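K.L.:
sharing a sequence plus its predicted fold:
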Amino acid sequence: MKDVEKELKALANKRRLAIIKHLKRAQEASVGEIAEEISLSLRSTSRHLTVLTSAAVIESDQRGLYVFYRLATKLRPATKSIVGLL
């Protein structure tokens, strides 16, 4: 039950929803690309990405100096529903 609560708390933020919306559209993006898209500093964007990653809503992949983020491949049905609405 704590996992569900963690996911819902991660989704209960307009900036994080904007990140998810962008990743849904772009499939994959770096921190810099996401920060530019949602008009937020790199530091704040990174903080939001950490919350989403720890809630297993998104996944990351490091390639050289860059970290790329994408929606998690295995989302809970409730989370999938919310992402589908964006």
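P.N.:
That came in fine, so what should we check first? Residues are numbered from 1 along each chain as shown.

K.L.:
show the pLDDT at Ile82.
P.N.:
For Ile82, the pLDDT comes out at 83.

K.L.:
residues contacting the closest residue to it other than its chain neighbours?
P.N.:
Leaving aside its chain neighbours, Ile82 sits nearest to Leu11 (5.6 Å; criterion: Cβ to Cβ, 6 or more residues apart in numbering). Every residue, glycine included, has its C-beta placed from N, CA and C. For Leu11, the contacting residues are 17, 20, 55, 57, 79, 82, by Cβ atoms under 8 Å, 6 or more residues apart in numbering.

K.L.:
and the helices in the protein?
P.N.:
2-11, 14-26, 31-38, 42-54, 77-85 (DSSP state H).

K.L.:
hmm, back to that, for the contacts of Leu11, give me a markdown table that also has distance to Tyr69 and neighbour count.
P.N.:
Listed next are the contacts of Leu11 as a markdown table, based on distance: Cβ to Cβ, whole Å; neighbours: other Cβ atoms under 10 Å:
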| residue | distance to Tyr69 | neighbour count |
| --- | --- | --- |
| Leu17 | 14 | 18 |
| Ile20 | 10 | 22 |
| Ala55 | 13 | 20 |
| Val57 | 10 | 24 |
| Thr79 | 16 | 21 |
| Ile82 | 17 | 18 |
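
K.L.:
what two of those residues are the furthest from one another?
P.N.:
The largest separation in the contacts of Leu11, counting by Cβ to Cβ, is between Leu17 and Ala55 at 12.8 Å.

K.L.:
for Tyr66, which of the helices of the chain is the nearest?
P.N.:
helix 31-38 (8.0 Å).

K.L.:
quick one: buried residues of the closest one?
P.N.:
31, 33-35, 37-38 (16 or more other Cβ atoms under 10 Å).

K.L.:
any idea of the mean pLDDT in it?
P.N.:
Helix 31-38 comes out at a mean pLDDT of 95.
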